[in-house]
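Colleague: With the sequence up front, the predicted model follows.
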Protein chains: 2
Amino acid sequence: MRSAGASARAKAAGEASVRSRDKSGKSLIPSPSKRSPRRSTAEARRQSILAAALTVFATHGFAAARLDDVAARAGVAKGTLYLYFRDKEALFEALVRSAVSPLLQHMSKLATSPEISPLQALEAFFALFAKEVLGTERKLLLRLIVAEGPRFPAIAEFYYREVVAHGLRIMRALAERAAREGAFSSDAAARFPQLIVAPLLVAVLWDGLFARIDPLDVDGLLRAHRQVLTGKPEKDAP
Amino acid sequence: MRSAGASARAKAAGEASVRSRDKSGKSLIPSPSKRSPRRSTAEARRQSILAAALTVFATHGFAAARLDDVAARAGVAKGTLYLYFRDKEALFEALVRSAVSPLLQHMSKLATSPEISPLQALEAFFALFAKEVLGTERKLLLRLIVAEGPRFPAIAEFYYREVVAHGLRIMRALAERAAREGAFSSDAAARFPQLIVAPLLVAVLWDGLFARIDPLDVDGLLRAHRQVLTGKPEKDAP
DNA sequence: TATATATGACTGACGGGTCAGTCATTATTT
DNA sequence: AAATAATGACTGACCCGTCAGTCATATATA
């Protein structure tokens, strides 16, 4: 009734288990060929683990997060986690990457918007942020990165390259156009696109820290922000 | 972390005094002028523990911070920590309180500045921030609060009441005056003083996360920010 | 089709390291 | 001597990561 030898040896060799190997950040999950129904099950499981991880990590922070909790919340046994992720840290990194990707898609969509005014683009961007970040659990991720970034230089760098640099590039282009066309009162925002994004960050952090003490009128904040950026005394729109 | 549920909201009020085992009185910490060398020694020891704690907590976060490290860095034995603070959580709360106090003094000084222009006041405020927060370990505390705040509602609330609300009140007054006098192009910043502070927060977080990848020209950022707030096209000084 | 065999995804108890908090002992002050 | 302050070895809970074993499903054989 044995023959565990083969399997044991394979595992001993180092790398067995699920196909989605995630060493050195390379191969992402999907082998596009969908032949096996197994494949989709595995992917779904991976997703549910990531979803559970986001909640648990965001609630307790990296160090205090318990993988038992992640497993329980994902509806799997603890050992299963290790079939999908090498260790706690790899899970955390995969979590950040997985949550960041949709953001990039959204941002790219904005970048390629052809012929709308800078102000409209700005408004669209803010609206997108309010809906897709503040309105979802992704806002937790943002705070998580702020909190854990210094202890995960690889993650901070990844986030900088993939999100921050990209986002600022878009904002800078937008601000330059706005400055040229007179929509912005100066090129200040073009030189420091961080100024455009800063209130968004404040909104997220405020939401996480002070929401229950003193809720923030995000919409009003962002409208006021646009007003400041344009330098217009008052601009009431529909 | 200790017992998950219980938590120590209740003890937020009481500070562990220097005396080790008194279940009786509520001896406050500083007996004002006592010539006893003991008293000053105890206070100095307390301070060195807090200083050590700031570094260690800021480096590792609350959960991953080791009290052995705090003790070693403060030059005391671990048991000594418990003569000054009830437990890890009380130490953390005391740390936040102790680091916040000087900030309040500084801010109050600004509030009482009598007759300078709003722009000068703004410049002074930014300079103060750059020097007293970005230039010291207090910037670590700021990130620490962002990171741990959600898990310490008492601290978040304390910080809101003592620092955020106070600071925003000052900023709002400043912005209202600036709007009246025409220094600001609208009352947007007066309605949402967060807009004035947002770039400062960005500067702190950027410093902690991306400084080594892409250092931020804080001075340039703040100058550009003032430019945006005033809505002036270009204001070049020598 | 029915039965036997093989596979590997999944489980969960457990080993082992870590660390907050304690307390008997030592050192210092009064 | 008595009281107070400080020490650091110790304990026990906690949790990450492991791995021998299970079982549902797929494949091979009769």
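Modeller: Cool, got the structure.

Colleague: Show the pLDDT at the closest residue to A:Pro102 other than its chain neighbours.
Modeller: Among residues not flanking A:Pro102 along the chain, A:Glu132 sits closest, at 7.5 Å (CB to CB, 6 or more residues apart in numbering or on different chains). Every residue, glycine included, has its C-beta placed from N, CA and C. Reported pLDDT at A:Glu132 in the predicted model: 89.

Colleague: And for A:Glu132, the neighbour number?
Modeller: Number of residues near A:Glu132 (other CB atoms under 10 Å in any protein chain shown) recorded here: 15.

Colleague: do the one 10 residues further on as well
Modeller: Around A:Leu142 sit 22 other residues, with neighbours defined as other CB under 10 Å.

Colleague: Ignoring the adjacent residues along the chain, who's closest to it?
Modeller: Setting aside the residues directly before and after it, A:Leu142 is nearest to A:Val204 in space (CB to CB, 6+ apart), at 5.1 Å.

Colleague: Enumerate every residue touching the one you found.
Modeller: A:Val204 makes contact with A:Val133, A:Leu134, A:Lys139, A:Leu142, A:Arg143, according to CB atoms under 8 Å, 6 or more residues apart in numbering or on different chains.

Colleague: And those, which is closest to A:Gln227?
Modeller: Taking CB to CB as the measure, A:Gln227 lies nearest A:Leu134 of the contacts of A:Val204, at 19.7 Å.

Colleague: which residues sit in contact with the closest one?
Modeller: Under the contact definition (CB under 8 Å, 6+ apart), the residues listed for A:Leu134 are A:Ala203, A:Val204, A:Asp207, A:Val218.

Colleague: go again using 10 Å as the cut-off
Modeller: Shown in contact with A:Leu134 (CB atoms under 10 Å, 6 or more residues apart in numbering or on different chains): A:Leu142, A:Leu200, A:Ala203, A:Val204, A:Asp207, A:Leu216, A:Val218.

Colleague: now A:Ser185
Modeller: A:Ser185 sits in contact with A:178-179, A:228-232, B:185, B:227-228, B:230-234, where contact means CB under 10 Å, 6+ apart.

Colleague: repeat that with 8 Å
Modeller: A:Ser185 makes contacts with A:Thr230, A:Gly231, B:Ser185, B:Val228, B:Gly231, B:Lys232, B:Pro233, as judged by CB under 8 Å, 6+ apart.

Colleague: Look up how far DNA strand D lies from the most centrally placed residue in chain A.
Modeller: Closest to where the C-alpha atoms of chain A average out (CA atoms, centre = their mean) is A:Val100, at 3.1 Å. To DNA strand D, A:Val100 is 22 Å away according to CB to the nearest atom of the strand, to the nearest Å.

Colleague: now A:Tyr84
Modeller: A:Tyr84 is 11 Å from DNA strand D, where distance means CB to the nearest atom of the strand.

Colleague: circling back to that earlier point, among the contacts of A:Ser185, which one sits closest to B:Leu104?
Modeller: B:Val228 (27.7 Å).

Colleague: Please give the centre-to-centre distance between stretch A:215-230 and its chain.
Modeller: Offset of stretch A:215-230 from its chain centre (CA atoms, centre = their mean, to the nearest Å): 23 Å.

Colleague: do the same with stretch A:68-80
Modeller: How far stretch A:68-80 lies from its chain's middle: 23 Å, per CA atoms, centre = their mean.

Colleague: pLDDT of the helix or strand encompassing A:Ala99, averaged?
Modeller: Under the assignment given by DSSP states H and E, the secondary-structure element containing A:Ala99 is helix A:88-111. For helix A:88-111, mean pLDDT is 85.

Colleague: how about the CA coordinates for the next helix or strand after that helix, as PDB?
Modeller: Of the helices and strands lying after helix A:88-111 in sequence (DSSP H and E), the nearest is helix A:118-129. C-alpha atoms of helix A:118-129 as PDB (Å, rounded to 0.1, in the frame of the first residue of the first chain):
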ATOM      1  CA  PRO A 118      -7.500  68.000 -19.000                       C
ATOM      2  CA  LEU A 119     -10.100  69.000 -16.500                       C
ATOM      3  CA  GLN A 120     -12.400  66.300 -17.700                       C
ATOM      4  CA  ALA A 121      -9.600  63.800 -17.500                       C
ATOM      5  CA  LEU A 122      -8.800  65.000 -14.000                       C
ATOM      6  CA  GLU A 123     -12.400  64.600 -13.000                       C
ATOM      7  CA  ALA A 124     -12.500  61.100 -14.600                       C
ATOM      8  CA  PHE A 125      -9.400  60.200 -12.800                       C
ATOM      9  CA  PHE A 126     -10.700  61.300  -9.400                       C
ATOM     10  CA  ALA A 127     -14.000  59.600 -10.000                       C
ATOM     11  CA  LEU A 128     -12.200  56.400 -10.900                       C
ATOM     12  CA  PHE A 129     -10.100  56.600  -7.800                       C
END
